[in-house]
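Q: Sequence first, then the predicted structure:
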Amino acid sequence: MKINKLLKPFSAILLLLFSFFYTNKVVDIIRESDPIMQQIRLSSEKYQIQSQNAKIVGNNIIPGKTGRQIDYEESYNKMKQYGMYNETLTTFKETYPTISIDDYYDKYIVQGNSDRKSVALVFKIIDNNNFTELINILKNQNVKSTLFIDGLFLENNTSTILTLLNHEIELLSYDNKYNELYFNSALDYMSSLTKKEPKFCYAEYDQKEVLDLCSKLKLHTIIPTIRPTSTPYKTVKEKLTNSSIISLPLTVQTINELPLIINYITQKGYTFLTLDELLSESYSK
């Protein structure tokens with residue numbers, strides 16, 4: 001008798017689960033046979049964009065790219081409510097690469113995804129030498145850049161930095177050193193000023209000290225694609241490629257040639273992005 005009493009509720013649960021499963025299956029079959037869903041399925045290849053994995057070469061990494069596919073359920077629900085197939089109601093969702101730069105903070109990012117016909121201008125700010133001239137040129141040319149600013153310079157020039165928030169502000173070092181305590185403190189101070197979380201560190205070559213510290217702090221370390229030590233205009237002309245990270249020294253020659261460099265890059269059909277934009281793996285950016 002006790003067994004029978006136990007079996008009755010168990011049987012009822014099984015029946016309920018089976019009924020639920022069966023009902024869902026019927027709904028799926030009906031939906032898939034609906035001409036609206038069939039039309040959505042037929043258009044899937046037209047809209048699909050395959051994701052791209054990040055490329056790792058030795059100690060370097062190049063960002064991948066998310067893909068895109070139709071969100072079948074959302075698209076179907078919208079069109080069903082509309083009453084017929086309507087291509088403009090198609091909705092999408094991103095698909096993600098299996099290898100991403102966000103899995104590898106211990107690698108140097110050396111350029112953006114080559115699908116982007118864009119570049120990022122990067123400048124190291126340690127002192128006031130040619131700094132005002134640089135900012136004036138960028139403003140007059142309507143170009144945004146990424147400024148890697150030394151933490152000590154940041155502390156001593158806070159009011160000036162607050163006028164530059166249309167640019168991307170990142171931390172270079174602290175008093176030209178990489179002491180973890182001071183570096184962390186400067187990161188906190190910078191994020192409180194900019195209201196944004198820092199994302200990148202700067203190295204000009206394989207600098208293990210920088211990479212180890214920034215990897216520990218979950219910051220990506222970049223090595224510029226193009227880094228002229230002299231003749232900046234000539235070097236950019238010779239080496240310009242898609243998604244280049246261009247680091248220009250703050251010399252008098254750079255200040256004199258920067259308008260020419262910006263005009264040349266623009267004439268070649270490139271757009272200027274911040275590092276965050278250039279290195280984003282989202283297809284929509």
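A: That came in fine, so what should we check first?

Q: switch to C-alpha atoms for all contacts and neighbour counts from now on
A: Noted.

Q: ranges for the strands of this protein?
A: 55-57, 60-62, 67-70, 92-95, 108-109, 118-125, 146-149, 168-171, 200-202, 220-222, 244-247, 271-272 (DSSP state E).

Q: Highest mean neighbour count out of the ones you listed?
A: Across the strands of the chain, averaging neighbours per residue (mean count of other CA atoms under 10 Å) puts strand 108-109 on top, at a mean of 28.

Q: on that earlier part again, and the strands of the chain: which comes nearest residue 49?
A: strand 67-70 (4.9 Å; CA to CA).

Q: rewinding a little: I'd like the strands of the chain laid out as TSV, including mean pLDDT and distance to residue 101.
A: Shown next, in TSV, are the strands of the chain (pLDDT from 0 to 100; distance: least, CA to CA, whole Å):
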stretch	mean pLDDT	distance to residue 101
strand 55-57	96	9
strand 60-62	97	7
strand 67-70	91	15
strand 92-95	91	15
strand 108-109	98	8
strand 118-125	97	18
strand 146-149	98	19
strand 168-171	97	18
strand 200-202	98	12
strand 220-222	98	8
strand 244-247	98	16
strand 271-272	96	21
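
Q: could those be laid out in CSV, adding distance to residue 237?
A: Listed next are those as CSV, based on distance: least, CA to CA, whole Å:
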stretch, distance to residue 237
strand 55-57, 25
strand 60-62, 22
strand 67-70, 32
strand 92-95, 36
strand 108-109, 22
strand 118-125, 13
strand 146-149, 20
strand 168-171, 24
strand 200-202, 23
strand 220-222, 21
strand 244-247, 11
strand 271-272, 15
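
Q: Can you say which of those is nearest to residue 102?
A: Nearest of these (CA to CA): strand 220-222, 8.2 Å.

Q: just checking, what packs against that closest one?
A: When contacts are defined as 3 or more CA pairs under 8 Å, 6 or more residues apart in numbering; DSSP states H and E, strand 220-222 sits against strand 108-109, strand 200-202, helix 208-216.

Q: Need the contact partners of the last one.
A: Put plainly, it is helix 208-216. With contact meaning CA atoms under 8 Å, 6 or more residues apart in numbering, helix 208-216 is reached by 105-108, 178, 180, 201-203, 220-221.
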